[in-house]
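Trainee: what follows is a predicted protein model with its sequence.
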Amino acid sequence: MQSEIQKLIRNRPPQEAMMGMQQLQAQFQETKKALQQEAEDKVAEVRSGKA
């Protein structure tokens, strides 16, 4: 993600780079949330003895 932000800053006007950076951060948060939920689901599955 850091490299993508750096590319945005180098290759885009400041206003456009900020918008792109915000989109990347939102995408990262969504991905992180989905992965956390998946991990929690797997833990719950193992604890219930279904794995």
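Mentor: Ah, there it is. Numbering: from 1, shown residues only.
Trainee: so how far is the strand or helix carrying Asp41 from its chain's centroid?
Mentor: In this structure, Asp41 sits in helix 14-47 according to DSSP states H and E. How far helix 14-47 lies from its chain's middle: 3 Å, per Cα atoms, centre = their mean, to the nearest Å.
Trainee: same question, stretch 2-18
Mentor: 17 Å.
Trainee: give the buried residues for that stretch.
Mentor: 8, 17 (16 or more other Cβ atoms under 10 Å). Just so you know, the C-beta spots here come from the backbone N, C-alpha and C atoms, and that holds for glycine as well.
Trainee: name the residues that touch that stretch?
Mentor: With Cβ atoms under 8 Å, 6 or more residues apart in numbering as the test, stretch 2-18 has contacts from 20-21, 24.
Trainee: rounded mean pLDDT for that stretch, please.
Mentor: Mean per-residue pLDDT for stretch 2-18: 82.
Trainee: ends of that stretch, what's the gap?
Mentor: The first and final residues of stretch 2-18 sit 14 Å from each other (Cα to Cα, to the nearest Å).
Trainee: for the residue nearest in space to the middle of the chain, which non-adjacent residue is spatially closest?
Mentor: What sits nearest the mean C-alpha location of the chain, by Cα atoms, centre = their mean, is Phe28, with 1.6 Å. Among residues not flanking Phe28 along the chain, Met1 sits closest, at 5.7 Å (Cβ to Cβ, 6 or more residues apart in numbering).
Trainee: state the distance from that neighbour to Val43.
Mentor: Going from Met1 to Val43 by Cβ to Cβ, to the nearest Å gives 26 Å.
Trainee: and Gln15, by the same measure?
Mentor: From Gln15 to Val43 the distance is 43 Å (Cβ to Cβ).
Trainee: same thing with Gln2?
Mentor: With distances taken as Cβ to Cβ, Gln2 is found 29 Å from Val43.
Trainee: try Arg10
Mentor: Using Cβ to Cβ, Arg10 is found at 41 Å from Val43.
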